[in-house]
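*Asks:* Sharing a sequence plus its predicted fold:
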Amino acid sequence: MDVETCAIPGVVIVRPRVFRDERGTFYESFQRDRYAAAGIAGEFTQDNRSASMARVLRGLHYQVSAPQGHLVTVTRGRIWDVGLDLRPTSPAFGRWVGTELSADPPVQIYLPPGVAHGFCVLSDAAELWYRCVGTYRPDDEGGVLWNDPDLAITWPLRDPIVSDKDARYPRLRDLPRQRLPKV
């Protein structure tokens, strides 16, 4: 697999090695020791699946007192995936990284605990599989406004479909310090 580190500490992009023949394809989507050597460590405790139609934008989400890490894999379609560093002591606090993830060729991103996650769908539909460090707690959710002008995230679509909840999240500058991830 090829591993690329990003401008945000702990964020890693993985391009698994794909084996193709006349029958189809095969790739290893996770192997604990190999991924730990690439900087993706921690105990994965939960797997999630997400399906979205074209132009859907989800995010930017995180958990406050029990932050989760995410290994994101697209199993169908293409997305633009974004991580926003919300770790108060990080030298990259308030910075974001974005990359295209797809099912073919497979590209994954690991976002460590304290990095908010968002994505938008670039294909007709997309399905994602998240392998999570930590357990989802709905009472612990936090979010940052997806189109916060101070962040200037370059979302590659116009007029996305956004949930009411995501549209009401505060700008980063208006987020109280006690609502930042506890990492």
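*Replies:* Alright, I've got the coordinates.
*Asks:* what's the helix or strand for the most centrally placed residue in the chain?
*Replies:* Geometric centre of the chain, nearest residue: His117, 4.1 Å, by Cα atoms, centre = their mean. According to DSSP states H and E, His117 maps onto strand 115-121.
*Asks:* Mind checking what helix or strand follows that strand in sequence?
*Replies:* Defined by DSSP H and E, the subsequent element after strand 115-121 is strand 125-133.
*Asks:* sorry, back to before: show me the contact partners of the strand holding His117.
*Replies:* When contacts are defined by Cβ atoms under 8 Å, 6 or more residues apart in numbering, strand 115-121 is touched by residues 8, 10-11, 52-62, 69-70, 72, 77-87, 101, 111, 128, 142-144, 146, 153, 155-157, 160. C-beta coordinates here come from the backbone N, C-alpha and C atoms, glycine included.
*Asks:* one more time with 6 Å
*Replies:* Defining contact as Cβ atoms under 6 Å, 6 or more residues apart in numbering, one finds that strand 115-121 is touched by 52, 54, 56-62, 70, 79-86, 111, 144, 146, 155, 157, 160.
*Asks:* thinking Pro77 is in contact with Leu122, fair?
*Replies:* Actually, residue 77 is Gly. It isn't Pro. No. Using Cβ atoms under 6 Å, Gly77 is not in contact with Leu122, being 7.5 Å away.
*Asks:* going on from the host helix or strand of Thr99, what's the next piece of helix or strand?
*Replies:* Under the criterion of DSSP H and E, Thr99 resides in strand 96-102. Sequence-wise, the next helix or strand downstream of strand 96-102 (DSSP H and E) is strand 108-111.
*Asks:* What helices and strands are in contact with that next one?
*Replies:* strand 12-15, strand 69-76 (3 or more Cβ pairs under 6 Å, 6 or more residues apart in numbering; DSSP states H and E).
*Asks:* looking at those, which is closest to Pro170?
*Replies:* strand 69-76 (21.7 Å; Cβ to Cβ).
*Asks:* how about that closest one: buried residues?
*Replies:* By 16 or more other Cβ atoms under 10 Å, the buried positions in strand 69-76 come out as Gly69, His70, Leu71, Val72, Thr73, Val74.
*Asks:* What residues does the third one make contact with?
*Replies:* Same thing as Leu71. Going by Cβ under 6 Å, 6+ apart, the list of residues near Leu71 reads Tyr110, Arg131.
*Asks:* beta partners for it?
*Replies:* Tyr110, Arg131 (DSSP bridges).
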